[in-house]
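Asker: Prediction below, plus the sequence it came from.
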Amino acid sequence: MSFLPKEKIFSKTWFLDYSLITIGSFVMAVGYVFFITPYKIVPGGIYGLGIILHYITKGMPIWADGFPIGLFNLLVNIPLTYVGIKILGPRFGIKTIYGFVTSSIFMDGITWMREVGDAPLVPDVLLSCIFGGVLTGIGLGLMFKSKATSGGSDIVAMIITKYTRTPIGQVLIWVDTAIVLVALAAFKDWQIPLYSMIVIYITGKAVDMLLEGATYNKALMIVSEKHEEIRDKIVIDLERGGTYLKGIGMFTNTEKNVIFTVVSRREVAILEEHISRIDPDAFITIMDASEILGEGFQSLRKKVESH
């Protein structure tokens, strides 16, 4: 069963994964408590609903300081995970449960230790959006690296996808957008959903950078009559490899040799300058390569073993 951990308990991999989840939960909690929650920013998810409830219940006799966001996350995620296991099978794993439990504890623990309560760390809401999004993205990225998820809206999206066959990414956007709209209705402030969108975007970018790395490699596809000279430049001067692909021109219906290669951003400029001199009519497609695995780049074996 995938619900059970595959790693041997107390092994090096086990300690590394759970350490990353713990650190990730703490970093994410810091992002929320110091930067996101004080400005009522609602970046979707169960935590977003928790922030709405927190401010709605503020001043009530039972919860004078507002219903604890971490406790709300815990109370919602436990039954959601149970329902998810019943409907989707045991795919979430102990790591995900550990992740939302620790993040809930850290969030309420840090909030409780703060003497100023929900007061923002910095008086600039845009700066808070940036740092809150970055910290939340780093925290989530560390959890994802350990094959855990944040639970919550992810589980809801998976259930909806199962019955509607709608892509999960699209469903997640719907769910988070609905939660942001609930915040708009609750707080009646158009700035909140706008700032929330900024946080959602920055969080996503931070997660991508942590998982894929801040790489500047570029993938090139080159169509040129001077392909042999270009090949020599790539192999001899740049000391890179590549692959010849066979293509047929759509207008001329003639065979073409297409070079596919991956180089650094600096080497792109060198290659462009060389090609412009020998074949100004060459056709070049340049694409961002978020991750390159193989000889000359990151080792696939080492990456798999490190995870």
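Answerer: Perfect, I can see it now.
Asker: do you know how far Ile179 is from Ile97?
Answerer: Between Ile179 and Ile97 the computed distance is 22 Å (C-beta to C-beta, to the nearest Å). Glycine gets a C-beta too; all of them are placed from N, C-alpha and C.
Asker: whoops, I mixed them up, Gly249
Answerer: Counting by C-beta to C-beta, the gap from Gly249 to Ile97 is 56 Å.
Asker: More neighbours: which of Ile179 and Ile97?
Answerer: Neighbours per residue (other C-beta atoms under 10 Å) separate Ile179 from Ile97, with Ile179 holding more: 22 against 16.
Asker: how long is stretch 275-288 from one end to the other?
Answerer: 20 Å (C-alpha to C-alpha, to the nearest Å).
Asker: Name the residues of it that are buried.
Answerer: By neighbour count on 16 or more other C-beta atoms under 10 Å, the buried set for stretch 275-288 is Ile275, Asp279, Ala282, Ile284.
Asker: Off-centre distance for it?
Answerer: 33 Å (C-alpha atoms, centre = their mean, to the nearest Å).
Asker: what is the rounded mean pLDDT of it?
Answerer: Mean per-residue pLDDT for stretch 275-288: 91.
Asker: Helices along the stretch 201-307 of the chain, start to end?
Answerer: For the stretch 201-307 of the chain, applying DSSP state H, counting those that start in this stretch gives helices covering 227-232, 265-278, 300-306.
Asker: how about those in a markdown table, adding distance to Leu245?
Answerer: Shown next, in a markdown table, are those (distance: least, C-beta to C-beta, whole Å):
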| stretch | distance to Leu245 |
| --- | --- |
| helix 227-232 | 11 |
| helix 265-278 | 17 |
| helix 300-306 | 22 |
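Asker: Pick the most deeply packed of those.
Answerer: helix 227-232 (a mean of 16; mean count of other C-beta atoms under 10 Å).
Asker: re the thing from before, averaging pLDDT over each of the helices of the stretch 201-307 of the chain, which comes out lowest?
Answerer: Among these, helix 300-306 has the lowest mean pLDDT, at a mean of 62.
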